[in-house]
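Visitor: Here's a sequence, model it:
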Amino acid sequence: MTTSAKARRYHHGDLRNALVTAAAELAETGGPEAVTVRAAARRVGVTPTAAYRHFTNHEELLDAAQEQAQQTLFAAMGEVLAGLPPGADAVARLSAIGHGYITFAQREPGLFRTAFCSKPEPTGPGEWNAPAFQLLSTVLDELVEIGFTDPAHRPDAEYAAWAAVHGMASLIVDRAVGHLNSDERAAAIARTLDLVRFGLATGPNAATLLAAATPVGRTRNG
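Guide: Sure thing, here's the model as predicted:
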């Protein structure tokens with residue numbers, strides 16, 4: 001593709017969004033290390049000087065790519081949620097977003113790394129656009145409301161659930177469990193989600209809700 005053809009990929013006045021899209025594409029294949037202003041400019045078909053009018057340095061562009069990756073992660077979780085039966089309770093929703101999170105990591109390892117790449121100044125999910133984390137918080141609140149989780153065990157439960165699911169996703173992406181075949185990997189994912197669910201099952205209605213639950217990705221018969 002010629003430079004002029006590449007340049008036609010964006011509309012006049014929309015170069016910033018074109019650069020963010022290019023940065024996300026670079027992250028898909030190369031992770032956060034591949035995201036630079038010059039590489040994004042080259043991909044769009046403009047000069048680095050034009051790109052630097054929108055992003056003065058690598059960190060600014062990476063921040064934008066990170067936000068895009070977070071939105072893509074959130075969409076992947078939403079895809080699994082959309083497959084649940086109408087009226088599915090928070091227990092099923094918890095498993096669904098966990099599956100969506102790990103599916104995203106397997107499908108888009110570069111974007112997964114970019115979504116959680118480190119920043120020069122430490123920040124938490126409350127300080128950056130993290131809709132997936134906000135969704136997890138909402139589901140955990142719902143678990144308390146339906147009596148699945150004891151209110152005393154609700155504070156900071158996001159971090160415990162996130163650590164377990166993110167840890168499994170990272171093991172897969174980094175090929176630390178590359179020796180597992182697809183069935184063994186699926187079993188390991190299911191076990192991780194089971195442990196998260198059982199760990200939160202401390203409320204008065206937990207036993208009843210667990211007995212009625214159909215874990216995402218399985219049938220009631222196994």
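
Visitor: Where does residue 170 fall, secondary structure wise?
Guide: Assigning secondary structure by DSSP states H and E places residue 170 in helix 157-173.

Visitor: Distance from the very next helix or strand once past that helix to the middle of the chain?
Guide: Next in sequence after helix 157-173, counting helices and strands by DSSP H and E, comes helix 182-200. Centre-to-centre, helix 182-200 and its host chain are 17 Å apart (CA atoms, centre = their mean, to the nearest Å).

Visitor: For the helix holding residue 170, which outside residues touch it?
Guide: 94, 98, 101-102, 104-106, 109, 112-113, 116, 133, 136-137, 140, 149, 176-177, 185, 188-189, 192-193, 195-196, 199-200 (CB atoms under 8 Å, 6 or more residues apart in numbering). Any C-beta I mention is one placed from the backbone N, CA and C, and that applies to glycine too.

Visitor: buried subset of the residues you listed?
Guide: Buried by 16 or more other CB atoms under 10 Å: 94, 98, 101-102, 104-105, 109, 112-113, 116, 133, 136-137, 140, 149, 185, 188-189, 192-193, 196, 200, out of the contacts of helix 157-173.

Visitor: between the helix holding residue 170 and helix 182-200, how big is the angle?
Guide: 170 degrees (axes from the mean of the first three to the mean of the last three CA atoms, to 10 degrees).

Visitor: Got the phi and psi for residue 47?
Guide: phi -80, psi 150 (degrees, to the nearest 10).

Visitor: Any figure for the gap between the most centrally placed residue in the chain and residue 187?
Guide: Nearest to the mean C-alpha position of the chain, by CA atoms, centre = their mean, lies residue 73 at 3.3 Å. Distance of residue 73 to residue 187, computed by CB to CB, to the nearest Å: 24 Å.

Visitor: What's the first helix or strand after the lowest-mean-pLDDT helix or strand in the chain?
Guide: In the chain, no helix or strand scores lower on mean pLDDT, DSSP states H and E than helix 3-7, which sits at a mean of 43. Sequence-wise, the next helix or strand beyond helix 3-7 is helix 15-30, with elements assigned using DSSP H and E.

Visitor: which of the residues in that following helix are buried?
Guide: For helix 15-30, the neighbour count (16+ other CB under 10 Å) marks 15, 18-28 as buried.

Visitor: How far off centre is that helix?
Guide: 17 Å.

Visitor: Packing partners of it?
Guide: With contacts defined as 3 or more CB pairs under 8 Å, 6 or more residues apart in numbering; DSSP states H and E, helix 15-30 has these neighbours: helix 37-44, helix 48-52, helix 58-82, helix 109-115.

Visitor: What average pLDDT does stretch 143-161 get?
Guide: Predicted confidence along stretch 143-161 averages 97 (mean pLDDT).

Visitor: which of the residues in it are buried?
Guide: Residues 143-144, 148-149, 153-154, 157-158, 161 are the ones in stretch 143-161 that count as buried (16+ other CB under 10 Å).
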